[in-house]
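Student: missing the sequence, but the structure's below:
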């Protein structure tokens with residue numbers, strides 16, 4: 001199985017993405033690659049975890065200046081084209097979007113190429129990227145019942161966590 005996981009920016013996107021990637025790799029032998037942007041936490045955390053990371057151009061649209069929005073609108077098509085090339089060369093069985101700037105171009109490319117997609121959303125109110133792709137994805141994994149109506153084929157799964165959470169030492 002080949003899986004492309006897209007998204008990042010903050011720990012809220014990167015940490016669950018890593019938990020998903022590790023589980024798929026360790027439990028199912030999946031070949032996992034990540035897509036992120038050059039300015040998110042993924043540039044540090046993904047390579048440290050031993051996964052390949054492909055960087056795409058994408059940026060903010062919400063709560064930013066007009067200049068930033070215009071730059072993002074010019075970067076987005078380039079990011080989608082980059083992701084189309086990446087998907088065609090890697091040939092993933094599924095593209096998982098975890099939200100964040102890089103998730104948009106990768107999920108759009110996967111939808112255009114008819115590659116199965118899974119959106120992951122840990123929040124009750126999805127972020128902008130997941131709200132935009134929610135009705136086009138093949139399926140979604142969400143943390144809350146009230147989030148299901150933003151997506152096609154949503155299932156409440158909870159939030160994936162790193163195994164280290166189970167090994168927190170007790171205070172004595």
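Tutor: Perfect, thanks for sending it. Just so you know, these numbers come straight off a predicted model, no measurement behind them. Residues are numbered from 1 along each chain as shown.

Student: so what touches stretch 137-144?
Tutor: For stretch 137-144, contacts defined as Cβ atoms under 8 Å, 6 or more residues apart in numbering pick out 94, 97, 107, 111, 116-124, 130, 134, 148, 150-159. Heads up, the C-betas are built off the backbone N, CA and C, glycines and all.

Student: what's next to stretch 34-42, contact-wise?
Tutor: 4-11, 13-14, 17, 21, 43, 46, 51-59, 83, 86, 100-103, 105-106.

Student: what packs against the longest helix seen in the chain?
Tutor: Determined from DSSP state H, the single longest helix within the chain is helix 66-90. Packing contacts for helix 66-90, counted by 3 or more Cβ pairs under 8 Å, 6 or more residues apart in numbering; DSSP states H and E, involve strand 2-6, strand 31-36, helix 103-112.

Student: can you give me the buried ones in it?
Tutor: Of all the residues in helix 66-90, those buried under the rule 16 or more other Cβ atoms under 10 Å are 72, 75, 76, 79, 80, 82, 83, 84, 86, 87, 90.

Student: centre of the chain to that helix, how far?
Tutor: 15 Å (Cα atoms, centre = their mean, to the nearest Å).

Student: only whichever of the contacts of stretch 34-42 are buried, select them in PyMOL.
Tutor: In PyMOL, a selection of the buried entries from those looks like this (16+ other Cβ under 10 Å):
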select buried, resi 4+5+6+7+8+9+13+14+17+21+43+46+51+53+54+55+56+57+58+59+83+86+100+101+102+103+105+106
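
Student: outside of the helix or strand of the chain with the lowest mean pLDDT, which residues touch it?
Tutor: Of all helical and strand segments in the chain, the minimum by mean pLDDT, DSSP states H and E falls on helix 66-90, at a mean of 83. Contacts to helix 66-90, defined as Cβ under 8 Å, 6+ apart, come from residues 2, 4, 6, 33, 35, 54, 56-61, 64, 95, 102, 104-106, 108-110, 112-113, 115.

Student: related to what we said a few turns ago, let's have the helices and strands packed on helix 66-90 in CSV, adding distance to residue 166 and mean pLDDT.
Tutor: Output for the helices and strands packed on helix 66-90, formatted as CSV (distance: least, Cβ to Cβ, whole Å; pLDDT from 0 to 100):
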stretch, distance to residue 166, mean pLDDT
strand 2-6, 22, 98
strand 31-36, 22, 96
helix 103-112, 28, 95
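
Student: those into a markdown table, with extra columns for distance to residue 170?
Tutor: Shown next, in a markdown table, are these (distance: least, Cβ to Cβ, whole Å):
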| stretch | distance to residue 170 |
| --- | --- |
| strand 2-6 | 33 |
| strand 31-36 | 33 |
| helix 103-112 | 37 |
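
Student: I am finished for the moment; much appreciated.
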